[in-house]
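Enquirer: Mind looking at a prediction? Sequence and model below.
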Amino acid sequence: QVQLIESGGGLVQAGGSLRLSCAASGLTFRTYPVGWFRQAPGKDREFVASINWSGSTTYYTDSVKGRFTISRDNAKNTVYLQMNSLKPEDTAVYYCAVSSVQSRRPGDAAYWGQGTQVTVSS
């Protein structure tokens, strides 16, 4: 049974930082690309960042470039999202997802975590 468990969310003031973690089990994690997505109330789920199986290729949505960094530790079956200079518009539930190809499309994800809430106050 595949499980993705996100952690690290919380309440932070604008300009602050958080590091999200996504711990995977039940699959050969090191062979899969992983993405982070987010969903704000009343909005569609959107792409945030992705990383390929080795960590050598990363992509970001424009609004987080230069502020967020995605990384992975395959020995720990974990992917991270370091979020710096947080803004109120980053407030959302953040999800990690595993897919067979590195993709920005939520529909390409094969497995999802349960999500972790990030709230940025102004």
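Expert: Nice, I can see it. Residues are numbered from 1 along each chain as shown.

Enquirer: and the residue nearest the centre of the chain, how far is that from Ser71?
Expert: For the chain, the residue nearest the mean C-alpha position is Trp36 (2.5 Å; C-alpha atoms, centre = their mean). Distance of Trp36 to Ser71, given as C-beta to C-beta, to the nearest Å: 11 Å. Glycine gets a C-beta too; all of them are placed from N, C-alpha and C.

Enquirer: related to what we said a few turns ago, for my notes, confirm the residue nearest to the centre of the chain occurs in a helix.
Expert: No: counting by DSSP: H, G, I helix; E, B strand; the rest coil, Trp36 is located in no helix; its state is strand.

Enquirer: how about it, what does it touch?
Expert: Leu20, Cys22, Val48, Ala49, Ser50, Ile70, Val79, Leu81, Tyr94, Tyr95, Cys96, Ala97 (C-beta atoms under 8 Å, 6 or more residues apart in numbering).

Enquirer: Pipe the residues you listed into a markdown table and attach distance to Arg30 per row.
Expert: Converted to a markdown table, those look like this (distance: C-beta to C-beta, whole Å):
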| residue | distance to Arg30 |
| --- | --- |
| Leu20 | 19 |
| Cys22 | 14 |
| Val48 | 21 |
| Ala49 | 18 |
| Ser50 | 15 |
| Ile70 | 15 |
| Val79 | 11 |
| Leu81 | 18 |
| Tyr94 | 22 |
| Tyr95 | 20 |
| Cys96 | 15 |
| Ala97 | 16 |
